[in-house]
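After the sequence you'll find the predicted model.
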Amino acid sequence: MKKFILLAAVAPAFGYAQETQQAPQTEQPATMVVTANRMEQTEASVIAPLTVVSRSEIESSGAQDIIDVLSQQVGISVTRNGGKGHTESVFIRGTSSAQSLFLIDGVRINTATNGGAQLSLLPLEFVERIEILRGARASIYGADAVGGVINIITRPSFGSEYHGLKAAVGTQETVKLAARASGQLDDATQYNVIFSKDKSNGYDIRPQDNLDEDYGYDTFGGLLSLDHEFNQAWRGRVFLLLNDSESEFIQGGKALTKHKQTVYGASVNYTQDRINSEFALNSQQDQSDTAPADNFVDPQRYSTERVAANWLLGYQLNQQWLLQGGLDYQKDDISGTSLIYQQESRDNKAAHIGTRADYDQHTLEGSLRYDDNEHYGDHTTYNLGWAWQFQPSMRFNALHGTAFRAPTFNDLYYPGSENPSLKAETSTNSELGLELNLLQSQWQLNVFRNDVDNLIAWGCVARCDNDYSGTPDTWPLWTPDNVSDARIQGIEFQGEFSTAWVNHRVIVEFLDPKDRSTDKNLIRRPEEQVKYKADMYWQSLQVVVDFLWRGDSYEDAANTTTIDSHSIWDLSANYKFASGLRVDAKLRNVFDKQYSTVNDYQAQGRTFELGASYQF
């Protein structure tokens, strides 16, 4: 708590110093976002804590995939069973991947079997921006938005144009190729076409096994979208995303997963006077086949097929009041999975309403949602928010809401480990925030608490000493249960400021993720993180330094096995030529630090990548 008081005192003081020493920046157009309330609004009008990561920021960073991008953002920690393409988890404010909602252009991509989402093999070339909303948002999106929402936006702004090629090579025989064409077919139609290829031999993620094997990946992706303005009131969009990948990992010996992901949808939007309405149909198909790499015969398949229909309506009642609402329908089907589950499909019906009021210095918002699921019952969730702009450069935020996490098909019906009597996790989230915007500096401080009841946890009940060698019937047996309640509370501090030709961003996080029944920390959540980024510019040259320090965490629920703290430096640079050519160099893990985020799995050491892109 002393650290919290110190940060709260230093932030405004430093901000005022910047105000007196720096010249005002040129005013930029307002950034428009869609994730907070599923309808377009300015970033500044969002009450909930929101981070927007732009395409230019992604390109200039040392990130090799979306997981790397997310790891540098406030409120997020990540774990991997190795490097790119291996099992990954994204923790938003200490909540697991299954307790967070992942979207591509608003389409849910969490699998119905394990609840997570495979992000690392989704090509970075597809990403126009990433919107990260922290805190409960179930009253807008329904199940799983306990810790927050991550929305990967592929849609470029209407009227933007880009035609280019990109290639890169790196250590571990990494090769990357991409082509993109975005522009207008005519005054009313925008197109976006992207192809991407990325492969690497990888590295030995478990050298202690003495198998002397590298574990790599190979992925190919394609994206097509069309936006059309029929007239001033009506707009439509169709899009198709395909991602086909392979990744090697350890399961006794070397194993291989072949993963296919398809996301497609169509929407029509009507905007006229005070009304804004959108109807969307979309589908997501996710299929993973796993078998030994040297004998890929009769693989074990996990499959999710999801269709959804959504209708949203917004009505501006007057200058102060906005009313919103909608209807959602979703059906999940896992009948394509090779295992036989007791149930193979379920549907969810939902209705939600919300309102927003703007009065002088105060903004109020509230939302209410009712979900009725075929398997785990009905849930009602709500959110309340208040923002007070008590000074032109200072805003106070307060939010309170509820959420729930739906048991997955694996939780309920996995053959041999099923528990169909599981209850959904429920949570209550409260937070306070302070924002300071003082010319060349921006500061944010958030304090939050999230109480999660009926926490679903898997525990080993038989053959726990087996290391997954031998036949599957000798492997450890795990089963799920509603075992405990959890309380996750923490402090987030973020500052951005400029000095001469350097832009700085610093993030400091404190987290207390407790299992309340044992007073032990939840596994793999670091209690502290520090992140720093410096952008340096000299004419056409840009250099970016990224730093991450991650504190200790625990591998087991008893907190007997510690995952040690570590610090990682990344360095990247790019130079833009007048001809449209750009050269990029990226050095990750500069000091070749040996570390792990999951016990017994070695993270990636130092890697280098050199690339070039040409825009024409």
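Looks like it came in fine. Numbers count the residues shown, from 1 in each chain.

contacts and neighbour counts: CA atoms only from here.
Noted.

all helices for the protein, in order.
Along the chain, the stretches classed as helices by DSSP state H are 2-21, 55-60, 66-71, 138-141, 409-413.

doesn't H400 make contact with N383?
Yes. Using C-alpha atoms under 8 Å, N383 and H400 qualify as a contacting pair, with a distance of 5.8 Å.

Could you check which of these two has the larger neighbour count?
Set N383 next to H400 and count neighbours by other C-alpha atoms under 10 Å: N383 wins out with 23 against 20.

Let me see the contact set for the residue nearest to that one when sequence neighbours are not counted.
Spatially, and ignoring its direct neighbours in sequence, N383 is nearest to G401 (4.1 Å; C-alpha to C-alpha, 6 or more residues apart in numbering). When the contact criterion is C-alpha atoms under 8 Å, 6 or more residues apart in numbering, the partners of G401 are 136-137, 381-384, 428-430.

Pick out the most distant pair among the residues you listed.
Pairwise distances across the contacts of G401 peak at 13.7 Å for T381 and S430 (criterion: C-alpha to C-alpha).

neighbour count winner among the two?
Set side by side, T381 and S430 give different neighbour counts by other C-alpha under 10 Å, the larger being at T381 (24 against 20).

Which residue would you name as the spatial centre of the chain?
Among the residues of the chain, the one closest to the centroid is I150, at 3.8 Å (C-alpha atoms, centre = their mean).

R108 versus that one, what's the distance?
In this structure, I150 and R108 are 10 Å apart, going by C-alpha to C-alpha, to the nearest Å.

cool, and L477?
Note on L477: its distance to R108, by C-alpha to C-alpha, is 30 Å.

And the two? Which one has more around it.
Regarding L477 and R108, a neighbour count based on other C-alpha under 10 Å identifies R108 as having more, with 22 against 17.

circling back: surely the residue nearest to the centre of the chain meets L133?
Yes. Using C-alpha under 8 Å, I150 and L133 qualify as a contacting pair, with a distance of 6.4 Å.

Mind jotting down where the strands sit in the stretch 201-350 of the chain?
Under the criterion DSSP state E, counting those that start in this stretch, the stretch 201-350 of the chain contains strands at 215-229, 234-251, 253-272, 275-292, 300-316, 321-333, 345-359.

Of all the ones you listed, which one comes closest to L50?
In this view, those are compared for proximity to L50 by C-alpha to C-alpha, and strand 345-359 is the closest at 17.4 Å.

Just give me the neighbour total for Q208.
The local packing count at Q208 equals 11, with neighbours defined by other C-alpha under 10 Å.

Can you give me the pLDDT of it?
What the model reports as pLDDT for Q208 is 88.

For the residue nearest to N383, give its distance to W386.
Distance from G401 to W386, by C-alpha to C-alpha: 12 Å.

and if you look at P207?
Here the criterion is C-alpha to C-alpha. By it, P207 lies 52 Å from W386.

What are the buried residues along stretch 143-159?
Of all the residues in stretch 143-159, those buried under the rule 16 or more other C-alpha atoms under 10 Å are 143-156, 158.
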